[in-house]
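Student: sequence first, predicted coordinates after that:
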Amino acid sequence: MAKRKVKKEVSPTRKQLSRRDKERRQRLVMIGVAAAIGCMILAILGYGAYRELIAKPAAPVGIVNGVPITTQTYQKRVLLERMNIDASMQNLLAQRSQYDPEEDAFLLTIIDQQLSQLSMQRELLNSQTALDSLIEEELIRQADEERGIMVSPDEIDRRIEQDFGYVRDQPTPLPSPSTSAITPTVEITPTEAPPPMTRAEFEELYSNSLSILEEGTGLTEADYRELVKASLLREKMEEFIGQQVPTTEPHILARHILLDTEEEAQDALQRLEQGDDFATLATEVSTDTLSAELGGDLGWLPEGSMGAEFEEVAFNLPLGEISEVVETSRGFHIILVEERDEDRELDPQILDQRKREAFDIWLADLLAEAVIERYWSEDKVPPE
């Protein structure tokens with residue numbers, strides 16, 4: 001049997017070992033470089049994701065007396081306003097489609113005007129209007145907090161229920177009236193009121209609405225409750241400011257004759273000086289048709305109801321004396337003041353107007369005194 005030859009191993013030369021070691025080091029360097037590049041790419045991608053998903057939304061779009069308003073909050077508000085305006089426009093368009101272009105031309109004109117206004121409001125959302133609203137809300141919140149004005153969770157719950165048409169405390173139905181001995185000549189069929197919303201129906205409607213809001217705007221239930229809270233805080237501050245508005249003011253009981261030209265007014269004044277009765281002449285010639293039917297009677301007037309030029313004369317006119325011709329933006333007036341009351345109760349509508357004016361002045365002063373930083377830019381507006 002032949003012997004198998006055993007191959008003799010040849011030891012690598014020093015040159016070969018050096019080359020192998022060099023190649024190994026090169027491979028390690030290449031692996032290290034590749035790993036470093038991979039880490040850099042991951043870091044860049046991670047920073048981009050952090051910047052887009054965390055840093056940008058958390059960055060302030062405004063700061064109000066040191067309290068930030070985040071970009072995310074601002075963007076959610078813009079998206080919510082867009083959703084509300086779009087829904088209103090869809091409702092108007094649905095109404096518009098039901099009218100006849102010829103028979104209902106006037107109504108269609110009104111709807112078109114409303115659509116135009118909504119379209120302009122939507123366009124304004126691409127500016128700082130939503131930020132302005134958030135700034136006002138934050139200022140009111142701070143002012144409420146300083147005065148100890150608060151909104152409880154239960155108040156928020158009840159307002160949400162009210163907005164969705166759910167009445168938590170249903171009134172006890174009144175007992176049916178007893179049968180009368182008199183037989184009515186006309187049989188009246190009572191109209192049945194729709195059944196009140198149940199708690200289960202409210203919760204389903206509320207849950208569905210929250211899902212729609214979150215899908216369309218990103219608003220969570222907590223965000224929605226904050227919106228309701230901000231609305232309640234504003235109402236409470238309006239009430240607080242309104243309570244400080246005086247309920248009485250000086251009034252005059254006045255009549256006037258209004259004419260289109262100074263020449264006509266001078267002729268009317270001359271007739272009054274010659275002895276014509278003021279009320280009779282007002283009915284005859286005044287262009288203010290509403291007061292003319294009453295002999296020119298304007299009723300009791302507080303300051304601010306008839307314009308500065310008119311009131312400058314009327315509130316300084318002696319009782320029973322007829323004024324000279326007074327020019328205003330409405331035309332040419334002749335005024336007669338019959339009575340004056342320095343402390344007369346304001347009409348409820350005028351009092352409400354005074355309260356709104358007082359709140360607007362208070363808010364304007366608050367804005368002027370606040371330290372407000374704005375970081376708004378067009379790129380913060382959420383895309384359509």
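Tutor: Looks like it arrived, so ask away.
Student: make it CA atoms for all contacts and neighbour counts henceforth
Tutor: Will do.
Student: buried ones in the biggest strand by length in the chain?
Tutor: Looking across the chain with DSSP state E, the single longest strand is strand 331-345. By neighbour count on 16 or more other Cα atoms under 10 Å, the buried set for strand 331-345 is 331, 332, 333, 334, 335, 336, 337, 338, 340, 344.
Student: again with stretch 119-137
Tutor: 122, 125, 126, 127, 128, 130, 131, 134, 135, 136, 137.
Student: secondary structure for the residues you listed - can I get that in JSON lines?
Tutor: Putting the buried residues of stretch 119-137 into JSON lines (DSSP: H, G, I helix; E, B strand; the rest coil) gives the following:
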{"residue": "122", "secondary structure": "helix"}
{"residue": "125", "secondary structure": "coil"}
{"residue": "126", "secondary structure": "coil"}
{"residue": "127", "secondary structure": "coil"}
{"residue": "128", "secondary structure": "coil"}
{"residue": "130", "secondary structure": "helix"}
{"residue": "131", "secondary structure": "helix"}
{"residue": "134", "secondary structure": "helix"}
{"residue": "135", "secondary structure": "helix"}
{"residue": "136", "secondary structure": "helix"}
{"residue": "137", "secondary structure": "helix"}
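Student: list just the nearest of those to residue 353.
Tutor: residue 136 (20.4 Å; Cα to Cα).
Student: shaky segments in this structure?
Tutor: Along the chain, the model assigns pLDDT under 70 to residues 1-57, 171-193.
Student: measure residue 378 to residue 339 for me?
Tutor: 59 Å (Cα to Cα, to the nearest Å).
Student: likewise residue 206?
Tutor: 57 Å.
Student: go on, residue 164?
Tutor: To residue 339, residue 164 is 50 Å away according to Cα to Cα.
Student: and if you look at residue 213?
Tutor: Residue 213 sits 58 Å away from residue 339, going by Cα to Cα.
Student: quick one on the thing from earlier: identify, from the buried residues of strand 331-345, the entry nearest to residue 66.
Tutor: residue 344 (45.0 Å).
Student: ok, the closest one touching residue 248?
Tutor: Yes: judged on Cα atoms under 8 Å, residue 344 makes contact with residue 248 at a distance of 5.1 Å.
Student: next up, the contacts around residue 341.
Tutor: 250, 251, 252 (Cα atoms under 8 Å, 6 or more residues apart in numbering).
Student: CA atoms of the longest strand of the chain as CSV?
Tutor: The C-alpha coordinates for strand 331-345 follow below in CSV (Å, rounded to 0.1, in the frame of the first residue of the first chain):
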residue,chain,number,x,y,z
GLY,A,331,-79.1,115.7,7.4
PHE,A,332,-80.3,119.0,9.0
HIS,A,333,-82.1,118.8,12.4
ILE,A,334,-84.2,121.2,14.5
ILE,A,335,-84.3,120.0,18.1
LEU,A,336,-86.8,120.5,21.0
VAL,A,337,-86.0,119.2,24.5
GLU,A,338,-89.1,118.7,26.6
GLU,A,339,-87.7,117.1,29.8
ARG,A,340,-84.4,116.2,31.4
ASP,A,341,-83.6,113.4,33.9
GLU,A,342,-80.1,113.3,35.4
ASP,A,343,-80.4,109.7,36.8
ARG,A,344,-82.7,107.7,34.6
GLU,A,345,-82.4,103.9,34.2
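Student: name the next helix or strand following it along the chain.
Tutor: Next in sequence after strand 331-345, counting helices and strands by DSSP states H and E, comes helix 348-369.
Student: show me the contact partners of the following helix or strand past that next one.
Tutor: Next helix or strand after helix 348-369 toward the C-terminus (DSSP H and E): strand 372-374. Identification of contacts with strand 372-374 by Cα under 8 Å, 6+ apart yields 61, 62, 63, 64, 65.
Student: just the residues you listed: which are in strands?
Tutor: 61, 62, 63, 64.
Student: which single one of those residues is nearest to residue 321?
Tutor: Of the ones in strands among the contacts of strand 372-374, the one sitting nearest to residue 321 (Cα to Cα) turns out to be residue 64, at 55.2 Å.
Student: my read: that closest one touches residue 370, true?
Tutor: Yes: in this structure residue 64 lies within contact range of residue 370 using Cα under 8 Å: 7.1 Å.
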